[in-house]
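A.B. asks: next come a sequence and a model predicted from it.
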Amino acid sequence: MLDLVLWILLPLCVGFAVRISNSKQLHLINESLTVIVYLILLLIGMELAQVDNLGRELGFILGVSLLFLVVNVGCNILAVMLIDIKFPLRLKTQKTQADSAKHALLGSLKQIGCVVAGFIAAKLLAGWWLPPHISISIALAMLLFLIGVQLRSTGISVRRVFFNRRGVVLSLVLVLSSWVASVILYFGLNLFLDKPVLLSQTLAISSGFGWYSLSGIIMTDASGAVWGSVGFVNDLSRESVAWMCITMLMLRYPSTAVGVGGVTSLDFTLPTIQRAGGVGIVPLAISFGFIMNVLSPVLMAFFAHAKF
């Protein structure tokens, strides 16, 4: 377990030591991140193709993923809404383009398409050649290194991140509410499923916070491709839900609009957050997203291999 945590933290920390200010190089980093994410999704699809009796497991994957999505996002939204009600944040909200749902759908279709392409490729190449299992770990290390570089190159200091009180509180509330959701899911799944589910498994999947490329790898390594697929589908769905909810929540519940995106508040959903809440919401989104990008891989790796 310690080896996996170090495997995740080391490339992230090394990347964070590298600061890039050249706009062309930053653009190349962002493009490289996109390519590596799609590569990881292809590899996840290849892993999925090697699962025995996949057709029989598909209902389990989709059903459990949906349950995780509803309970996790529901607990997160209810908990963070309390912050907005108790300590309201006033923003000059902007009119937004009505393309969030369409953008979310197209993005999800591309990502699912990559997994399907990987699945088909593995079936066609079976018995001839398949990438070694370490390929997905190498791709993950490259992803985390570039994430570290991207975080460092945002121009925001660690001091500004951790001294943004609302960002820190929002991160803690999201994590704690996800743990509550994990306990609910643990008892619910063990009540209705024939196969036993560990509390550490529900905690690990709930710690993805929308990072589908990471949760798919870690859960596959710890609990097999079926649970890896549950983690992937859950987090991919969360990103899509976040895109559609941000605009609706921003006017009355801005912290909730930021929090629902989880780790994606720093990158994929940040443009939508800015369009919906204006520039005034951006510091909170960056602080919160930064903290969640650091916490998510550590918590997920710890719980995935804890086995309790």
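C.D. replies: It's in. Numbering: from 1, shown residues only.

A.B. asks: report how many residues lie close to Gly74.
C.D. replies: By the criterion of other CB atoms under 10 Å, Gly74 has 13 neighbours. Bear in mind the C-beta positions are built from the backbone N, C-alpha and C, glycine included.

A.B. asks: so what's the nearest residue to it once chain neighbours are set aside up against?
C.D. replies: Beyond its immediate neighbours in the sequence, the residue positioned closest to Gly74 (CB to CB, 6 or more residues apart in numbering) is Ala181, lying 7.5 Å away. Each residue near Ala181 by CB atoms under 8 Å, 6 or more residues apart in numbering is listed here: 71-72, 74-76, 206.

A.B. asks: name the element Ala181 belongs to?
C.D. replies: In this structure, Ala181 is located in helix 165-192 according to DSSP states H and E.

A.B. asks: next, the angle helix 165-192 makes with the following helix or strand past that helix.
C.D. replies: Moving toward the C-terminus from helix 165-192, the first helix or strand encountered (DSSP H and E) is helix 199-206. Orientation check (axes from the mean of the first three to the mean of the last three CA atoms, to 10 degrees): helix 199-206 against helix 165-192 gives 130 degrees.

A.B. asks: give the rounded mean pLDDT of helix 199-206.
C.D. replies: The predicted model assigns helix 199-206 a mean pLDDT of 93.

A.B. asks: can you check stretch 211-228 too?
C.D. replies: Stretch 211-228 shows a mean pLDDT of 81 in the predicted model.

A.B. asks: cool, stretch 176-191 as well?
C.D. replies: For stretch 176-191, the mean per-residue pLDDT is 94.

A.B. asks: sort out which residues of it are buried, please.
C.D. replies: Buried residues in stretch 176-191, counting neighbours by 16 or more other CB atoms under 10 Å, are found at 177-182, 184-186, 189.

A.B. asks: check stretch 275-287 too.
C.D. replies: 275-277, 281, 284-287.

A.B. asks: just the CA coordinates of it, formatted as CSV?
C.D. replies: Output in CSV follows, covering the C-alpha atoms of stretch 275-287 (Å, rounded to 0.1, in the frame of the first residue of the first chain):
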residue,chain,number,x,y,z
ARG,A,275,-18.9,31.5,-17.1
ALA,A,276,-21.6,30.8,-14.5
GLY,A,277,-20.1,32.7,-11.5
GLY,A,278,-17.8,35.2,-13.1
VAL,A,279,-14.1,35.8,-12.2
GLY,A,280,-15.0,36.2,-8.5
ILE,A,281,-15.6,32.5,-8.1
VAL,A,282,-12.3,31.4,-9.8
PRO,A,283,-10.0,31.7,-6.7
LEU,A,284,-12.3,29.4,-4.7
ALA,A,285,-12.5,26.9,-7.6
ILE,A,286,-8.7,26.8,-8.0
SER,A,287,-8.0,26.5,-4.2
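
A.B. asks: give me the mean pLDDT for that stretch.
C.D. replies: Mean per-residue pLDDT for stretch 275-287: 76.

A.B. asks: repeat for stretch 250-270
C.D. replies: Averaged across stretch 250-270, pLDDT comes to 82.

A.B. asks: what residues sit buried inside it?
C.D. replies: By neighbour count, and taking 16+ other CB under 10 Å as the criterion, the buried residues in stretch 250-270 are 250, 253-270.

A.B. asks: end to end, how far does that stretch reach?
C.D. replies: Using CA to CA, to the nearest Å, the end-to-end distance of stretch 250-270 comes out at 13 Å.

A.B. asks: would you mark the buried spots in whatever helix or strand Leu236 lives in?
C.D. replies: When secondary structure is defined using DSSP H and E, the element that contains Leu236 is helix 225-250. If you call a residue buried by 16+ other CB under 10 Å, then helix 225-250 has these buried ones: 225-247, 249-250.

A.B. asks: could you do stretch 116-135 as well?
C.D. replies: Of the residues in stretch 116-135, those buried by neighbour count under the rule 16+ other CB under 10 Å are 118-119, 121-122, 130-131.

A.B. asks: where is pLDDT lowest across the residues you listed?
C.D. replies: Sorting these by confidence puts Leu130 at the bottom, with a pLDDT of 70.

A.B. asks: so who does the residue nearest to Ser177 when sequence neighbours are not counted touch?
C.D. replies: The shortest distance from Ser177 to any residue other than its chain neighbours is 3.6 Å, reached at Ala79 (CB to CB, 6+ apart). Under the criterion of CB under 8 Å, 6+ apart, the neighbours of Ala79 are 173-174, 176-177, 180.
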